[in-house]
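**Q** Have a look at this prediction, sequence included:
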Amino acid sequence: MSLRWDTSELNELAFDLSNAPRRIQAEAPKVFEVGANKIKKSLRRDAEGHDYLQSGFAAKVNYDRLGPLAYEIGFDDEGQGELANIAVYGSVNNAPVMQSPAYHAVLEVHNMLRHLGDEGEEAVL
């Protein structure tokens, strides 16, 4: 009497799992780009409608892509954008009127992590 094990499905699973890191790495830059754009929009909404800030101030919020998974999000350091520190942190004569960019980033990072987790799950299953 002899036993024969069919391991073809196990071999297919092993091959599929070996490609999972590439699938996750392909989706991660998209998740980061969407997250950076949402942080920018949130920061722009926060910068609008203040009595002490001119209407063009919110337009100075931007982001620069430094790498596939690296973004710098904040105010352009020109014109009204130079007033960002006063708007965010206040001064001797003025109280802060908006949240810092870090506050907006923390709110979105949780969503980004959830999306990365979803992408990881799809890559493995």
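**A** On my side now, so go ahead.
**Q** my guess is Glu119 meets Val31, correct?
**A** Yes. Between Glu119 and Val31 there is a contact at 6.6 Å, judged by Cβ atoms under 8 Å. C-beta here means a position set from N, CA and C on the backbone, and glycine is covered the same way.
**Q** Which parts of this structure are helices?
**A** Secondary structure of the chain (DSSP state H): helices at 8-18, 20-47, 84-89, 101-124.
**Q** Of all these, which one is nearest Pro68?
**A** Relative to Pro68, the nearest member of the helices of the chain by Cβ to Cβ is helix 20-47, separated by 4.6 Å.
**Q** Any idea how far the closest one is from the middle of the chain?
**A** 4 Å (Cα atoms, centre = their mean, to the nearest Å).
**Q** Any buried residues in that helix, and which?
**A** For helix 20-47, a neighbour-count test (16 or more other Cβ atoms under 10 Å) marks 24, 27-28, 31-32, 35-36, 38-40, 42-44, 46-47 as buried.
**Q** And for stretch 93-108?
**A** The neighbour-count check on stretch 93-108 (16+ other Cβ under 10 Å) flags Val97, Met98, Gln99, Ser100, Pro101, His104, Ala105, Glu108 as buried.
**Q** what pLDDT does the first one get?
**A** Think Val97. If you check Val97, the pLDDT there is 85.
**Q** Equivalent analysis for the last one, please.
**A** Listed pLDDT for Glu108 reads 94.
**Q** Next up, the contacts around it.
**A** Taking Cβ atoms under 8 Å, 6 or more residues apart in numbering, we find Glu108 in contact with Gly35, Lys38, Ile39, Ser42.
**Q** Please save the CA atoms from stretch 107-124 in PDB.
**A** Provided in PDB are the C-alpha atoms of stretch 107-124 (Å, rounded to 0.1, in the frame of the first residue of the first chain):
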ATOM      1  CA  LEU A 107      -6.100  62.300  11.300                       C
ATOM      2  CA  GLU A 108      -5.300  60.900   7.800                       C
ATOM      3  CA  VAL A 109      -2.500  58.400   8.800                       C
ATOM      4  CA  HIS A 110      -5.100  56.100  10.400                       C
ATOM      5  CA  ASN A 111      -7.000  55.900   7.100                       C
ATOM      6  CA  MET A 112      -3.800  55.300   5.200                       C
ATOM      7  CA  LEU A 113      -2.800  52.500   7.500                       C
ATOM      8  CA  ARG A 114      -6.300  50.900   7.100                       C
ATOM      9  CA  HIS A 115      -6.000  51.100   3.300                       C
ATOM     10  CA  LEU A 116      -2.500  49.600   3.400                       C
ATOM     11  CA  GLY A 117      -3.800  46.800   5.600                       C
ATOM     12  CA  ASP A 118      -6.600  46.200   3.100                       C
ATOM     13  CA  GLU A 119      -4.100  46.100   0.200                       C
ATOM     14  CA  GLY A 120      -2.000  43.700   2.200                       C
ATOM     15  CA  GLU A 121      -4.900  41.500   2.800                       C
ATOM     16  CA  GLU A 122      -5.900  41.500  -0.900                       C
ATOM     17  CA  ALA A 123      -2.300  40.800  -1.900                       C
ATOM     18  CA  VAL A 124      -2.200  37.700   0.300                       C
END
